[in-house]
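Enquirer: following is a predicted model, sequence given first.
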Amino acid sequence: MTQLDGSAVPGQAGPVGPPPPAQPPAPPAQPPMGGADYAAYAPTAAGGFPAQAPPPGAPIGPYDPVPGYTPADPSQGYGYEYQQQAGYTYPGMPVPAAPKQRNPVMLWGGIIGGVLAIAIVVGLVVLLKNDPKPAPGPGPVADSGNSSTVSGGTSGTVTPDDNNNKTKATFNVAWSAPAPANTDATNQMLGIWGTDKYAVRVDGDGVKAFNLTDGKPAWNIPAPAGSKELCSASYTANSKNIAAVSFNTGDSDCSTVGAVDLSSGKLLWTVKATADRLSQPTLSVTDNVVVVGGNAVAGLNVSNGQPAWQYQPRDKDCTMRARAAGNQIAISDRCYMTSGPKSQLVIVNADTGKPVSSPVTLTGSIEEVDSVIQDKPLVLLITNGPNGDYILPFDKDNKPGNQMSVKEPGSDSLRLSGQDNAFTRNVVSGTTLYVQVNPTKPAINAYDLTTGKRLWAASPGSASGSDIRLVTGTDKDGKVRAMVSQGYDKPARLVTLSPTDGSMTDIGTVANPNGKYDLDMSTSVYYVSDDGNAVYAFRRYTGTDGPLTKWKK
């Protein structure tokens, strides 16, 4: 393996394990991109782990997403998205007092902590640190915010009630990052990261940083020469602001991985992690390793990309599917000639590659881990179980809890987003799962993960054009927040949802960047700074509104 300038990596060791199979001749060298920082892109080391071919007669394909599959509208899925998207990282979040559980996701500066959900997503998800302080904006103004009422128990709904006249804040537009010269509605966001200075958006074109103070572009890492696009991104950065991406080098082969320094905006190294083709690997970054999860699993040294460990399946005739889960990896397998269980699930430590849980036997015909909804405590989406797809929560000791079906009687399957999806459809706080449901009748449902029962449903009301969207993460008290559009004739509301009944408490109103009230909420991912003074909207696609908008009190 070489560095980007072609020099040898200090202390470079050979690949771990048997040598990879012979590779075809390398393509001709490409001209450098972006000046001295981008030498011709040609990863030179086969890292991490050997190729793993399916045994004779084994079915092909159940453990990898369909290459190149992307829903025309990712918000309209069948329960979940098969194509895994990479996640995000954002500013540090205050750690709530015990006994609240911690749900670390991406935090500014790589700090892990706080009660939040993915994303969301992704999830999923980071909250911005206290922002650099600009000139004071207008003070709080009177707002006819809405309270909510709930009825009907697990089948009830929450509807707005315009009788709350408390004084709330107004969030005005601080800046909108400029739209790219060539917008592409298919260029979906892959991840969100951040530092104390930058908000970082990852998409197929590259990694783009924007200054938090004014939204102006700070640096850009395009897809290097020799690669077609970026495939995925780690859902968080580590404490040293190092994150990871994978590159498509052709035929949906995304097995080439690179490390990104968010402080300097440099691509530190690239390495072909495996001889296997990984169509959409999931990635995690600790202070020690970059973890690659797909149909093969390994850790790469975070400083130089050297192999740190490789995970061996329990038998030579086993195929695997792995999903990176922060400091852990969830791995399901399927074995064809073994005397033990045909399929099982195990949780592995990201730094060591060693199992940290007893295996869980899977009994469905092609039952497997699909995505990680949350990493601490671990919550997984498992597909193709005997009774359909289900959510599997774990306790702090990685012992599995009760299964919860994603198919609620009389309703569509829940559209869940994994923590490596750059779009928040669900948030976990404590033992409650909050899910954004049905775009045609928008609502947020709350479910008890210990029982699988729906607790309540919160809807935005009946006004034309009304909508409700989960905000990534939670506040310092573990409460879930939402953006509520009340149609085109009223400003949007930022609210918290009561964990007991879903009633809404207004935080403030949010102005539209174009002077209109429609915020195009279905195309945005929302974050609130941990001091509560700023709101950020990352656009899922590049478009005329620009990739990122910031509101300030």
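Expert: Good, I have the coordinates. Numbers count the residues shown, from 1 in each chain.

Enquirer: just checking, residue 287 touches residue 236?
Expert: No - counting by CB atoms under 8 Å, residue 287 does not reach residue 236; the two are 11.6 Å apart. Yep, even glycine has a C-beta here, placed from its N, CA and C like the rest.

Enquirer: between the two, which one's more packed in?
Expert: residue 236 (33 against 13; other CB atoms under 10 Å).

Enquirer: and the pLDDT at the more buried one?
Expert: Listed pLDDT for residue 236 reads 90.

Enquirer: which SSE is residue 499 in?
Expert: Using DSSP states H and E, residue 499 sits in no helix or strand.

Enquirer: nearest residue to residue 508 in space, please, no chain neighbours.
Expert: Distances taken as CB to CB, 6 or more residues apart in numbering put residue 169 closest to residue 508, at 3.5 Å, once the chain neighbours are dropped.

Enquirer: that neighbour reaches residue 507, doesn't it?
Expert: Yes - the criterion here is CB under 8 Å, and residue 169 meets it with residue 507 at 6.8 Å.

Enquirer: and the residue lying closest to residue 340 once chain neighbours are set aside, how many neighbours?
Expert: Once flanking residues are discounted, residue 340 sits nearest to residue 314: 7.4 Å by CB to CB, 6+ apart. Counted with other CB under 10 Å, residues neighbouring residue 314 total 15.

Enquirer: about what we covered before: distance of the residue nearest to residue 508 from residue 205?
Expert: 35 Å (CB to CB, to the nearest Å).

Enquirer: ok, the residue nearest to residue 508 to residue 199 distance?
Expert: From residue 169 to residue 199 the distance is 21 Å (CB to CB).

Enquirer: which of the two has more neighbours?
Expert: Comparing residue 169 with residue 199 by other CB under 10 Å, the one with more neighbours is residue 199, at 27 against 21.

Enquirer: quick one: secondary structure of the more buried one?
Expert: With DSSP: H, G, I helix; E, B strand; the rest coil as the basis, residue 199 sits in strand.

Enquirer: that one and residue 387: what is the separation?
Expert: 42 Å.

Enquirer: now residue 177
Expert: Residue 177 is 46 Å from residue 387, by CB to CB.

Enquirer: who has more neighbours out of these two?
Expert: For residue 177 versus residue 387, the count of surrounding residues by other CB under 10 Å is larger for residue 177: 22 against 9.

Enquirer: need the phi and psi values for that one.
Expert: Backbone torsions of residue 177, given as degrees, to the nearest 10, read phi -60, psi 140.

Enquirer: contacts only, for it.
Expert: Contact analysis of residue 177 by CB atoms under 8 Å, 6 or more residues apart in numbering lists 210, 215, 216, 217, 546, 547, 548, 549.

Enquirer: likewise residue 289?
Expert: Counted by CB under 8 Å, 6+ apart, residue 289 has contacts 299, 300, 301, 302, 308, 309, 350, 351.

Enquirer: leaving out sequence neighbours, find the closest residue to it.
Expert: Residue 289 sits nearest to residue 299 (CB to CB, 6+ apart), 3.8 Å away.

Enquirer: tell me the secondary structure for that neighbour?
Expert: strand.

Enquirer: use 404 as the first number for this chain going forward.
Expert: All set: I'll call the first residue 404, so the last point we hit is now residue 702.

Enquirer: near it, how many other residues are there?
Expert: 29.

Enquirer: below-threshold pLDDT in the protein: ranges please.
Expert: Applying pLDDT under 70 to the chain picks out residues 404-570, 585-589, 842, 892, 918-921, 946-948.

Enquirer: returning to that earlier point: can you verify the residue nearest to residue 743 is assigned to a helix?
Expert: No - judged by three-state DSSP, residue 717 forms no part of a helix; its state is coil.

Enquirer: does it really touch residue 735, like I thought?
Expert: No - the criterion here is CB under 8 Å, and residue 717 misses it with residue 735 at 11.8 Å.

Enquirer: and residue 716, what does it touch?
Expert: If you count contacts by CB under 8 Å, 6+ apart, then residue 716 has 455, 722, 723, 736, 738 around it.

Enquirer: could you rerun that using 7 Å?
Expert: Listed by CB atoms under 7 Å, 6 or more residues apart in numbering, the contact set of residue 716 reads 723, 736.

Enquirer: hey, where'd the helices end up in the stretch 554-703 of the chain?
Expert: Taking DSSP state H, counting those that start in this stretch, the stretch 554-703 of the chain contains no helices at all.

Enquirer: re the thing from before, closest to residue 819 out of the contacts of residue 692?
Expert: Distance to residue 819, by CB to CB, is smallest for residue 753 among the contacts of residue 692, at 22.5 Å.

Enquirer: isn't the closest one up against residue 689?
Expert: Yes - look at residue 753 against residue 689 with CB atoms under 7 Å: they come within range, at 5.4 Å.

Enquirer: so which bits of stretch 659-669 are buried?
Expert: 659, 660, 661, 662, 663, 665, 666, 668 (16 or more other CB atoms under 10 Å).

Enquirer: same question for stretch 905-917.
Expert: 905, 906, 907, 908, 909, 910, 911, 912, 913, 914, 915, 916.

Enquirer: before we move on, back to that, tell me the one of the contacts of residue 580 nearest residue 681?
Expert: Distances from residue 681 to the contacts of residue 580, taken by CB to CB, are shortest for residue 950, at 26.9 Å.

Enquirer: lovely, talk soon.
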